[in-house]
Structures are given as C-alpha cells and as structure tokens.
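Engineer: sequence and predicted structure, then a few things I'm wondering about:
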Amino acid sequence: MPLKKQPRTTSLRIGTGDDIHRLARGRRFVLGGVEISFEKGPVGHSDGDALAHAICDALLGAAALGDMGQHFPDSSPRWRNASSLGFLRHVRKLLDTAGYTVLNIDATVGLERPKLAPHVPRMRKKLAAALGIEPRQVSVKAKTAEGLGPVGLGQAIRAGAIALIELRA
Ligand code: MG
C-alpha cells in the first residue's frame, strides 16, 4: 500500500554544517569573524574562517538551498580573500528571500591552540550581527582534540554547526 503523504505539522527545519582548514604559518587567524593573534592561520581561498563556513552550510542545509561550494565557488575571484562574514550575510539574504527566519545556531570549534574562550563573546556578537540576530541565539563552544589527529597535532582547525530555522507564516 502506498504511504500517505504526511501532513505538515511544523515549519521548523534543522541543518548541519562541518568544515576543516589546514593551518599554516604566515596566514591571518580569523575565526567567527574575529582576528586573533597567532603564529599560524587557516589556509583557504577566502579568509578560511571554518566556524563561519560551518554555520553557512548548516543554514543552507536547513533550508535545502545547496552548499557553500555551490554559492561561493573557490574558482570565483569574487570570493578570493573574502571575509566569511560576507558569506554569512549572503546566506542570510538567501534564507530571507526563501521566507526563513533563523532561530538559533550551536557550533563547536576543534582547535588545539590558541585558547578561544576569551574571544568567544566577540565571535558570537560578530556572527549574530552578520545574521541579523542576537548573540544569545548563537552558541560557540571550543574544545581541543587531546593531541589526536590533525586538529590535535595543530595542523588543522575544524568546526561543526547546527542551525534551526523557521518558515515565516
Ligand atoms: Mg571552509
């Protein structure tokens, strides 16, 4: 027997994003839109802001609007050395046009050094401003990898994010 179409009972949608960047000497270290003084920085076509990228993908995923590679191809000179806060603003516009409001973001950054805790309040502020929401709607957590894998060896920075959005009535 064919399955009946389920009635839509909610307008909430959820999405996840994940990103990793190699760390190299001589690169600016930008995370969550905040520049932090450190001996290495993420390698990337843009500023390599893994946290902003994971959040972009989580939001695009929640709205089923594709992924970052599709909207910001690294073959495009438009996005070379771009600030990833600009990516977030662009994604916010895409979601807004599609009728979605962002409810909250929760993100985790995997990084061995430097310590991120002192910078987290500024990151939440910057990310929230780019998305047109309040800092209390953006959670940023940080953890080390206990010396394991590329993150643990200080060779990479990784970020994961989850986003909840709602279709406006
Ligand atoms: Mg990235």
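Structural biologist: Ah, there it is. Residues are numbered from 1 along each chain as shown.
Engineer: going forward, measure contacts and count neighbours with C-alpha atoms only.
Structural biologist: Will do.
Engineer: now do the SS call for residue 64.
Structural biologist: Classification of residue 64 by DSSP: H, G, I helix; E, B strand; the rest coil places it in coil.
Engineer: try residue 120
Structural biologist: helix.
Engineer: for the residue lying closest to it once chain neighbours are set aside, give me phi and psi.
Structural biologist: What sits nearest to residue 120 in space, not counting adjacent residues and going by C-alpha to C-alpha, 6 or more residues apart in numbering, is residue 140, at 6.5 Å. Phi and psi for residue 140, reported as degrees, to the nearest 10, are phi -130, psi 120.
Engineer: burial of residue 140, as a residue count?
Structural biologist: Counted with other C-alpha atoms under 10 Å, the neighbours of residue 140 add up to 22.
Engineer: now it, which residues is it bridged with?
Structural biologist: residue 107 (DSSP bridges).
Engineer: check contacts around it.
Structural biologist: Neighbouring residues of residue 140 by C-alpha atoms under 8 Å, 6 or more residues apart in numbering: 106, 107, 108, 109, 120, 123, 124.
Engineer: how far does the helix or strand bottoming out on mean pLDDT in the chain sit from its chain's centre?
Structural biologist: The least trusted helix or strand in the chain, going by mean pLDDT, DSSP states H and E, turns out to be helix 68-71, with a mean of 94. With C-alpha atoms, centre = their mean, to the nearest Å as the basis, helix 68-71 stands 13 Å off its chain's centre.
Engineer: output that helix as CSV, restricted to C-alpha atoms.
Structural biologist: Written as CSV, here are the backbone C-alpha positions of helix 68-71 (Å, rounded to 0.1, in the frame of the first residue of the first chain):
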residue,chain,number,x,y,z
MET,A,68,28.9,26.6,0.3
GLY,A,69,30.8,25.3,-2.7
GLN,A,70,27.8,26.0,-4.9
HIS,A,71,27.2,29.5,-3.7
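Engineer: helix or strand right after it?
Structural biologist: Counting by DSSP states H and E, the next helix or strand C-terminal to helix 68-71 is helix 84-97.
Engineer: which one is residue 160 nearest to, not counting chain neighbours?
Structural biologist: Setting aside the residues directly before and after it, residue 160 is nearest to residue 18 in space (C-alpha to C-alpha, 6+ apart), at 4.3 Å.
Engineer: residue 145 too?
Structural biologist: Closest to residue 145 by C-alpha to C-alpha, 6+ apart is residue 152, at 4.7 Å.
Engineer: so that neighbour touches residue 146, yeah?
Structural biologist: Yes. Residue 152 sits in contact with residue 146 when judged by C-alpha atoms under 8 Å, with a separation of 5.8 Å.
Engineer: in its sheet, what does the biggest strand by length in the chain sit against?
Structural biologist: The single longest strand within the chain, with elements called by DSSP state E, is strand 12-25. Partner strands and pairing direction for strand 12-25 (DSSP bridges) are strand 40-42 (antiparallel), strand 156-167 (antiparallel).
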